[in-house]
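Undergrad: model this:
(2 chains)
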Amino acid sequence: MLRILLAEDNPGDVRLFTEALNSRNIKFDLSLAEDGQKALAMIQRVAAEDPANSPDIIVLDVNLPKHNGDEVLRQLRAEPRLRGIPVVMLTSSESPADQARAVELGADLYIRKPSDLQELMDIAKIIEDVVRRAKA
Amino acid sequence: MSTSLNAAATSLEKETERHQHDPQALMALLDEMRDLRRSAESRHSEELQQFVYTISHDFREPLRMISSYSQLLNFHYGKQLEGDGKEFMGYILEAAVRMERFLSDLVNYSQYLRPSDATLTAVDPEGVLQGILLSLDKRIQAGHAEITYNKLPHVQFDFASLSQIFQQLISNALVFHSAEPPRIHISTTQDEHVTTFSFRDNGLGIEPRYHTQIFDPFRRLHGREYPGTGLGLTVCKRIVERRGGKIWVESELGRGSTIRFTVPN
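TA: Numbers count the residues shown, from 1 in each chain, chains lettered A, B, ... in the order given. This next block holds a predicted model:
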């Protein structure tokens, strides 16, 4: 059971994400945060009270209300208990500058939101790979 | 922008009267006007580029939803959709793809709206060509196309921009081919001022009355039977003119086309 924290404010994109996981029959337990502030609060609470149930992976939309994805990432990486959790940034931007900045801030990966079915299914595979590598 | 230019023009008028007999002062005023105009143009085109980029970006978000969900619908329920339903779905999917291509081309075009900040270096067009031939390889093979070239001299350009031109011209020749397999030949001539590139093909050809129109944004000579958003040659023209050159076509319907563009030495 893959524990995922997803920070995403667009319900359409949330559903695309879960459809992507379903397409590969991945069993998952999804925690959803609609803005950056909630995302941080959720992660910090779990790290403090229930570390055994920390997410296996955190997926962040770059553009979030109240603390954008960059800001959440920065705070995540500053927290020693949370450093081991892989973080994937989701973006609709194609800018290489955004990509470079995300890597600089400590994201494990930076992927574009899907525009078609193939990209959708690829995302699920990427999520699996990232988790596998982090556990190894 | 116009207020500061108007103010400068008024000031210039006054100063001209005052300094009628002082050519140096007049020249200084003229330089000031030129600088003002240049920075106004630069600001204007940056604003325009930002505007176009923002609009395209904001369009692409909901478009992504339409594309993704129509494909998901098709994936999960396609088999249950019969005749009409399938046809309707097909139109939605096709329209979404076209819109995405259009927006992508628009964003690409918008980056050339501002003055170039790329440094000019000695670019080897043969290197550029090799790269383009590699990236277009599948289409070249599929069309049984033959691409030849003479020795191409180095030119003062930036690699990315010259690549964009080569990519577009070759791609056009591959798309707008006649009944024969495409044959494209690239050559140059040089004089003391410019290097002139020529891209000659054996494709459909273009009637003389359309020779300037094809470089205008969104002007196409064909319908859906040929892919394209009508921005390809517009981008080429923009890049060439930004570099200080000219681009034009020599062609007749049914007799292939030669696109020529100049690069100042």
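Undergrad: switch to C-alpha atoms for all contacts and neighbour counts from now on
TA: Fine.
Undergrad: Spatially central residue in chain A, please.
TA: A:V59 (0.5 Å; Cα atoms, centre = their mean).
Undergrad: What is the three-state secondary structure of it?
TA: Taken by DSSP: H, G, I helix; E, B strand; the rest coil, the conformation at A:V59 corresponds to strand.
Undergrad: now the strands for the chain?
TA: Assuming you mean chain A. Counting by DSSP state E, chain A has strands at residues A:2-7, A:28-33, A:57-61, A:87-91, A:109-112.
Undergrad: ah, I was thinking of chain B
TA: Shown for chain B, the strands assigned by DSSP E span residues B:121-123, B:146-149, B:155-157, B:183-190, B:194-201, B:247-251, B:257-264.
Undergrad: about what we covered before: report the beta-bridge partner residues of the residue nearest to the centre of chain A.
TA: On DSSP bridges, the residues paired with A:V59 through beta bridges are A:L6, A:V88.
Undergrad: hang on, isn't it packed against A:V88?
TA: Yes. Applying Cα atoms under 8 Å, one finds A:V59 in contact with A:V88, separated by 4.8 Å.
Undergrad: who touches residue 124 in this structure?
TA: Let's take chain A. A:A124 makes contacts with A:F17, A:A20, A:L21, A:S23, A:R24, as judged by Cα atoms under 8 Å, 6 or more residues apart in numbering or on different chains.
Undergrad: wrong one, I was asking about chain B
TA: For B:D124, the contacting residues are B:L152, B:P153, B:H154, B:V155, taking Cα under 8 Å, 6+ apart as the criterion.
Undergrad: what sits against the second one?
TA: Contacts of B:P153 were listed using Cα under 8 Å, 6+ apart, and they are B:D124, B:P125, B:T188.
Undergrad: The last one: neighbour count?
TA: By the other Cα atoms under 10 Å in any protein chain shown criterion, the neighbourhood of B:T188 contains 17 residues.
Undergrad: how about the closest residue to it other than its chain neighbours, what does it touch?
TA: For B:T188, ignoring the flanking residues on the chain, the nearest one in space by Cα to Cα, 6 or more residues apart in numbering or on different chains is B:F197 at 4.5 Å. Listed by Cα under 8 Å, 6+ apart, the contact partners of B:F197 are B:I186, B:S187, B:T188, B:T189, B:R260, B:F261, B:T262.
Undergrad: Pick the one among the residues you listed closest to chain A.
TA: B:F261 (30.2 Å; Cα to the nearest Cα).
Undergrad: So what sits opposite the closest one in the bridge?
TA: For B:F261, the beta-bridge partners are B:F197, B:I247 (DSSP bridges).
Undergrad: Any chance of the contacts of A:A124 in TSV with distance to chain B and pLDDT as columns?
TA: What follows is the contacts of A:A124, written out as TSV (distance: Cα to the nearest Cα, whole Å; pLDDT from 0 to 100):
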residue	distance to chain B	pLDDT
A:F17	11	93
A:A20	10	92
A:L21	13	93
A:S23	11	88
A:R24	14	89
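Undergrad: Can you convert the residues you listed into JSON lines and add a column each for distance to B:H177 and neighbour count?
TA: As requested, the contacts of A:A124 are exported to JSON lines (distance: Cα to Cα, whole Å; neighbours: other Cα atoms under 10 Å in any protein chain shown):
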{"residue": "A:F17", "distance to B:H177": "42", "neighbour count": "21"}
{"residue": "A:A20", "distance to B:H177": "40", "neighbour count": "23"}
{"residue": "A:L21", "distance to B:H177": "43", "neighbour count": "21"}
{"residue": "A:S23", "distance to B:H177": "41", "neighbour count": "15"}
{"residue": "A:R24", "distance to B:H177": "42", "neighbour count": "14"}
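Undergrad: which among the residues you listed gets closest to A:A78?
TA: For these, the residue nearest A:A78 by Cα to Cα is A:F17; the value is 27.0 Å.
Undergrad: returning to that earlier point: in PyMOL, how would I select just the buried ones from the contacts of B:F197?
TA: Applied in PyMOL, the following selects the buried portion of those according to 16 or more other Cα atoms under 10 Å in any protein chain shown:
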select buried, chain B and resi 186+187+188+260+261+262
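Undergrad: Show me which helix runs longest in chain A.
TA: The helix that spans the most residues within chain A, counting by DSSP state H, is helix A:117-135.
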